[in-house]
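Q: this is a predicted model, with the sequence first.
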Amino acid sequence: MSKTGSITSMELNDKIEAGENVQIIDVRPEQDYISGHIPGSINLPLSHFARDISTITFEPSIVVVCAIGESSLQAIRLLNSYSAVPQETEILNLIGGYHHWIFSISPT
């Protein structure tokens, strides 16, 4: 099983600014993602997550983002049960979700 945990917005921003290899998966609905999202994130809505999980290229560190940090926990459970996720992969939940992201955003 992969290593799971949580990460704050500040810690995630530090990783992004340091150029760390982190994959950010935003599980909010597409319309919310289009309105604004964390730079470099991909949108994989929770409603399609189980169906589309095979499209993910797993990085050493994955951060899952939702609106407030709760739906992302469901996605993390799915990731942990998916056999293609390398065991050494770190899977993190963004504490407080997108609503706690105070740094730059990328509108689509």
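A: In hand now; what should we look at? Residues are numbered from 1 along each chain as shown.

Q: which residue ranges form the strands in the protein?
A: 3-7, 22-26, 42-43, 61-65, 90-94 (DSSP state E).

Q: go through those and name the closest to residue 75.
A: Of all the strands of the chain, strand 61-65 sits nearest to residue 75, with 4.9 Å by Cβ to Cβ. Any C-beta I mention is one placed from the backbone N, CA and C, and that applies to glycine too.

Q: list the contacts of the closest one.
A: 7, 12, 15, 20-28, 37-38, 41, 72, 75-76, 79, 89-94, 97-98, 101 (Cβ atoms under 8 Å, 6 or more residues apart in numbering).

Q: list buried residues within the residues you listed.
A: Buried members of the contacts of strand 61-65, scored by 16 or more other Cβ atoms under 10 Å, are 7, 12, 15, 22-28, 37-38, 41, 72, 75-76, 79, 89, 91-94, 97-98, 101.

Q: which residues does the one residue sitting closest to the centre of the chain form a beta bridge with?
A: The residue lying closest to the centre of the chain (Cα atoms, centre = their mean) is residue 64, at 2.1 Å. Taking DSSP bridges as the rule, residue 64 bridges to residue 25, residue 93.

Q: quick check: residue 27 touching residue 44?
A: Yes. With contact defined as Cβ atoms under 8 Å, residue 27 counts as touching residue 44 (6.1 Å).

Q: contact partners for the closest residue to residue 24 other than its chain neighbours?
A: Closest residue to residue 24 apart from its sequence neighbours, by Cβ to Cβ, 6 or more residues apart in numbering: residue 41 at 3.8 Å. By Cβ under 8 Å, 6+ apart, the contact set of residue 41 is 24, 25, 26, 33, 65, 106.

Q: closest one to residue 51 out of those, please.
A: residue 25 (14.2 Å).

Q: residue contacts, the closest one?
A: 41, 42, 44, 56, 62, 63, 64, 65, 75 are the contacts of residue 25 under Cβ under 8 Å, 6+ apart.
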